[in-house]
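[1] Requesting a structural model of the entry that follows:
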Amino acid sequence: MELISFAQSIIFSLAIGALMGTERQHSKKQEIIGLRTFSLISVLGCLLGIFSRPDFLDSPWLVITGFLTISALTIIFYRRSQKKYEEIGLTTAIAMILAFVLGTFVAFGRITEVVFVTITVTFVLFAKERLHALIRNITHKELLDILEITALVGILYPLIPKEPLTLGKILIDLQSIWFLIVLISIVHLIGFIGSRFLSEKKSVEAISFLGGLVSTKAVFANLIRLYRKDRKTIKLISSGFIMSASTALLRGAVLIGIFIPASLVFLGPPAVISSILFAGIALTRKTGKKPIIKVKSPFGVEKAAILAIKIGVLLLFLGAIKAYLPSGSFYIASFLGGVFSAAATVASIATLAKTGQIMMKEAIYATGLTIGAQLAIAPFIISFWLGETKPVKKIMPYLLLGTAVFGVTLAGTLMLFS
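    Next up, the predicted model:
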């Protein structure tokens, strides 16, 4: 093993141990277990990993023995320190063992994995108070909904036919539909946890952005209800509208990009640019007082079934129009679908593209129209339905501007990369 490579492994293992140790020393105010201890444990794991490799001693027992020794010493120290100092928690003890394991992984060149795990673990350790608050804020029903949808995913997926069903000229790929339902649920989960992770004192703009991952329409409706309670919050409500709209752009591009990665070359830049524009407009507005906004759980068997029905209906609708009507009708239908349910419409477009029923460019055009309808038409319809159009009227110029920027940028990427 070259000296430079050896030194890089030791320095890297030292760094990841130092990061974890610094967090423990800072968060727990510990003087016993901190930066130095975690650094040394990680370096020890790296050294034993290097020595156990085939190009050195070729003895995996070194790593096993080191792991068992560190684990035993950690447990002993945890028990004794609990009685004497009452400051070394079980989390710190587990983190010490994990530091050894990560150091071993460094020795075998798994740098990407080590970086990901280290950052994730350090974040979880550092965010103790926020995570505890998140758990406290989750209701019994919300937890039950998450468990239900998780169980449903594991039970139904193996039973779904792998071959697409044929209905006339329409192919129905049930596995792709179910995959999209799971994917949308994961996106919803990220938005739900993120919005709950932020305390109620944090900005409504940030919570609206994350809430848009769950449901843009739900955020719009929630903001309008807040406006009814306090008319003075109209500027803040308007900013929340804009931030939620920015999420719709990113979510649509990601959903279509999962099945057609090449489409991200065309949809990615317009979505990011327009999303940044929306965020900039929302964050630079003076919003005054900040009311409480809470995103409800998007999970549960009932909600998953409704989403599946929406995707199924839109898939049959769009597939039939594409198969039996002129091509222009398909784009009109995609635009209307964006008003009804943008997520389900984009999911249906992605399924049609995956099964070869539409070309990639057709999928990109249709997705663009769907997102455009969601941004420019759906908010007004929701506000009209709820009887409060003033907040949407105030932001309509911004929504139209963002939609126009998205459309122009999309046209530019299509001309540039086609």
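
[2] what's around Lys393, how many residues?
    By other CB atoms under 10 Å, the residues close to Lys393 number 12. Where C-beta positions appear, they are placed from N, C-alpha and C, glycine not excepted.

[3] right, I mislabeled it, should have said Phe340
    Considering only other CB under 10 Å, Phe340 is surrounded by 17 other residues.

[4] Quick check: which element contains it?
    helix 327-354 (DSSP states H and E).

[5] Who are the packing partners of that helix?
    helix 174-197, helix 234-259, helix 301-324, helix 360-376, helix 378-386 (3 or more CB pairs under 8 Å, 6 or more residues apart in numbering; DSSP states H and E).

[6] Export those as CSV, with columns for mean neighbour count, distance to Leu48 and mean pLDDT.
    Formatted as CSV, the helices and strands packed on helix 327-354 follow (neighbours: other CB atoms under 10 Å; distance: least, CB to CB, whole Å; pLDDT from 0 to 100):
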stretch, mean neighbour count, distance to Leu48, mean pLDDT
helix 174-197, 20, 37, 68
helix 234-259, 25, 40, 80
helix 301-324, 18, 47, 80
helix 360-376, 24, 50, 89
helix 378-386, 18, 58, 78
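
[7] can you list those helices in a markdown table and add distance to Ala107?
    Shown next, in a markdown table, are the helices and strands packed on helix 327-354 (distance: least, CB to CB, whole Å):
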| stretch | distance to Ala107 |
| --- | --- |
| helix 174-197 | 33 |
| helix 234-259 | 35 |
| helix 301-324 | 44 |
| helix 360-376 | 44 |
| helix 378-386 | 54 |
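
[8] can you tell which of those is closest to Phe77?
    helix 174-197 (32.2 Å; CB to CB).

[9] Distance of Val408 relative to Phe105?
    Going from Val408 to Phe105 by CB to CB, to the nearest Å gives 47 Å.

[10] er, Pro261 actually
    In terms of CB to CB, Pro261 sits 29 Å off from Phe105.

[11] for Met396, same thing?
    53 Å.

[12] likewise Arg24?
    In terms of CB to CB, Arg24 sits 20 Å off from Phe105.

[13] Neighbour count: the two, which is higher?
    Under the neighbour definition other CB under 10 Å, Arg24 and Phe105 were set side by side, and Arg24 has more, 26 against 19.

[14] Mind telling me what element that one is part of?
    Using DSSP H and E, Arg24 sits in helix 3-28.

[15] model confidence over that helix, on average?
    Taken as a whole, helix 3-28 has a mean pLDDT of 81.

[16] That one - contacts with which helices or strands?
    helix 35-52, helix 90-107, helix 111-126.

[17] Please work out the average pLDDT along the first one.
    In other words, helix 35-52. Computed over helix 35-52, the average pLDDT equals 87.

[18] now for it, which elements pack on it?
    helix 3-28, helix 61-84, helix 90-107.

[19] May I see the buried residues of the first one?
    Applying a neighbour-count criterion of 16 or more other CB atoms under 10 Å, the buried positions in helix 3-28 are 9-10, 12-14, 16-25, 28.

[20] what's the closest of these to Leu283?
    Glu23 (29.1 Å).

[21] now the closest one: how far from Leu35?
    9 Å.

[22] before we move on, what about Ile371?
    From Ile371 to Leu35 the distance is 48 Å (CB to CB).

[23] Contact partners for Ile381?
    Val339 (CB atoms under 8 Å, 6 or more residues apart in numbering).

[24] Surely Glu396 and Phe380 touch.
    Wrong residue type there; residue 396 is Met, not Glu. Yes: applying CB atoms under 8 Å as the test, Met396 and Phe380 come out as touching, 7.1 Å apart.

[25] Local confidence estimate at Lys217?
    70.

[26] That one: which element?
    helix 216-229.

[27] how far off helix 234-259 does that helix point, in degrees?
    170 degrees (axes from the mean of the first three to the mean of the last three CA atoms, to 10 degrees).

[28] Let the chain start at 49 from now.
    OK, 49 is where the count begins now, so the last one is helix 264-277.

[29] name the helices or strands packed onto helix 264-277?
    helix 252-262, helix 282-307, helix 426-434, helix 438-465.

[30] Tell me, please, where in the stretch 99-248 of the chain the pLDDT is lower than the cut-off.
    Along the stretch 99-248 of the chain, the model assigns pLDDT under 70 to residues 129-137, 177-194, 196-206, 232-248.

[31] domain parsing for this structure?
    51-174, 187-465 (automatic domain parsing).

[32] Return the distance of the longest one from the chain's centre.
    This points to domain 187-465. 13 Å (CA atoms, centre = their mean, to the nearest Å).

[33] hang on, the earlier thing: can you tell which of the helices and strands packed on helix 83-100 is closest to Met463?
    That would be helix 51-76 among the helices and strands packed on helix 83-100, by CB to CB, at 44.6 Å.

[34] What angle do helix 138-155 and the closest one make with each other?
    Using the same axes, to 10 degrees: helix 51-76 against helix 138-155 is 170 degrees.

[35] any idea of the angle helix 51-76 forms with helix 159-174?
    Using the same axes, to 10 degrees: helix 51-76 against helix 159-174 is 10 degrees.

[36] Tell me the buried residues in stretch 267-282?
    Buried, per 16+ other CB under 10 Å, within stretch 267-282: Val267, Phe268, Ala269, Asn270, Leu271, Ile272, Leu274, Tyr275, Thr281, Ile282.

[37] how close does the first one sit to Gly288?
    Distance of Val267 to Gly288, computed by CB to CB: 7 Å.

[38] swap in the last one?
    When CB to CB is applied, the distance between Ile282 and Gly288 equals 11 Å.

[39] Same question for the fourth one.
    The gap separating Asn270 from Gly288 is 9 Å, by CB to CB.

[40] Next: the third one.
    Ala269 sits at a distance of 12 Å from Gly288 (criterion: CB to CB).

[41] Please apply the same query to the second one.
    Phe268 sits 9 Å away from Gly288, taking CB to CB as the criterion.

[42] Using the centroid of this protein, identify the residue furthest from it.
    In terms of distance from the mean C-alpha position of the chain, Leu105 ranks first, at 43.5 Å (CA atoms, centre = their mean).

[43] Phi, psi for it please.
    phi -90, psi -10 (degrees, to the nearest 10).

[44] if I pick it, what's in contact with it?
    By CB under 8 Å, 6+ apart, the neighbours of Leu105 are Phe99.

[45] how far away is it from Leu95?
    11 Å.

[46] hmm, back to that, figure out which of the helices and strands packed on helix 51-76 is closest to Ile52.
    Nearest to Ile52, of the helices and strands packed on helix 51-76 and by CB to CB, is helix 83-100 at 13.5 Å.
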